[in-house]
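# Predicted model follows, preceded by the sequence.
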Amino acid sequence: METKNTSPHISHQFNEEMDNLRNMVMRMGGMVEQQIARSITALQTMDAIAGEKVIRDDHQVNAMEVSIDEECARVLARRQPAASDLRMVVAIIKTITDMERIGDEAEKIARMAVRLSEKDSSLQTRYAGIHHLGEYVGTMVRDALDSFARLDVDEALRVMRNDKQADAEYQALMRQLITYMMEDPRTISEVLDVVWVARSLERIGDHAKNISEYVIYLVRGKDIRHTDIDVVEKDILS
């Protein structure tokens, strides 16, 4: 490891601290994945009780972010890591920020599931597109976290490519929802709730893409934010 103090004892302690940080991130990632899955299930089944549990559990995600952030600050202050170790700490700080925001979006979806459960039960079958988009971005988050755990650049690139498909599905869904409102103005209030769910799902996909970008920064030392995926792939894979 690349620290200013390279004695075996200090290096061993530092390795343990870094392993602990990575494990904390993966535990938070598992919690976030669970929140997404539960919120989407609550939406699919119109289960208000399941939605309310997601809302109650959001504080756990927030607490994990604070705890990891504090540990990162201690590592930076005590160890003054350099090069790849410093990139790891920076990537972790950025990743947990995106994971906390994913948790926030899952909470919003759960709130809408509770709200929609009080309306027409036929909503379950009427908006199949929203369920498909939910499953798609949930997979993106899982794959992004897997790429972080394994430092897998190829998988990170796949997530980034999949974000384009998520955006396309979101746009198609929005066109469908607008059509519903135009054909039957009585559905406007109901459809607007679904629009907010779709927007939250699209943002979850964006956060998964961000996490994948941090993986590439961590492994390759390149900041690829705001860079087209075709350019990234040409640069990384060449």
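Right, received. Where do you want to start?
# for the chain, which spans come out with low pLDDT?
Low-confidence regions of the chain, defined by pLDDT under 70, span residues 1-10, 120-126, 238.
# what about 50?
Applying pLDDT under 50 to the chain picks out residues 1-5.
# The longest helix that it contains: which residues count as buried?
Using DSSP state H, we find that the single longest helix of the chain is helix 8-45. Within helix 8-45, the residues that count as buried by 16 or more other C-beta atoms under 10 Å are 14, 17-18, 21, 24-25, 28-29, 31-44. All C-beta atoms are positioned from the backbone trio N, CA, C, and that covers glycine.
# Next SSE downstream of that helix?
helix 48-79 (DSSP states H and E).
# Tell me the helix or strand right after that following helix.
Assigned by DSSP H and E, the successor of helix 48-79 is helix 83-117.
# list the helices and strands the longest helix of the chain packs on?
Here helix 8-45 touches helix 48-79, helix 83-117, helix 128-150, going by 3 or more C-beta pairs under 8 Å, 6 or more residues apart in numbering; DSSP states H and E.
# tilt between the last one and helix 8-45?
Helix 128-150 and helix 8-45 are oriented at 170 degrees to each other (axes from the mean of the first three to the mean of the last three C-alpha atoms, to 10 degrees).
# Just list what helix 128-150 packs against, helices and strands only.
Judged by 3+ C-beta pairs under 8 Å, 6+ apart, helix 128-150 is in contact with helix 8-45, helix 83-117, helix 153-183, helix 188-220.
# Can you tell me the number of residues neighbouring the residue nearest to Arg161 when sequence neighbours are not counted?
Nearest residue to Arg161 in three dimensions, chain neighbours excluded: Ile229, at 5.8 Å (C-beta to C-beta, 6 or more residues apart in numbering). By the measure other C-beta atoms under 10 Å, the count of residues near Ile229 is 15.
# Return the residues in contact with Ile229.
Leu157, Met160, Arg161, Asp163, Lys164 (C-beta atoms under 8 Å, 6 or more residues apart in numbering).
# how does it look with 7 Å?
Met160, Arg161, Lys164 (C-beta atoms under 7 Å, 6 or more residues apart in numbering).
# In a markdown table: those residues, plus distance to Asn62 and neighbour count.
Listed next are these as a markdown table, based on distance: C-beta to C-beta, whole Å; neighbours: other C-beta atoms under 10 Å:
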| residue | distance to Asn62 | neighbour count |
| --- | --- | --- |
| Met160 | 27 | 25 |
| Arg161 | 31 | 14 |
| Lys164 | 30 | 12 |
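# Specify which member of those is nearest to Thr97.
Met160 (18.1 Å; C-beta to C-beta).
# Tell me how far the closest one lies from Ser147.
10 Å (C-beta to C-beta, to the nearest Å).
# can you list residues touching both of these two?
With C-beta under 7 Å, 6+ apart, Met160 and Ser147 have common neighbours Ser212.
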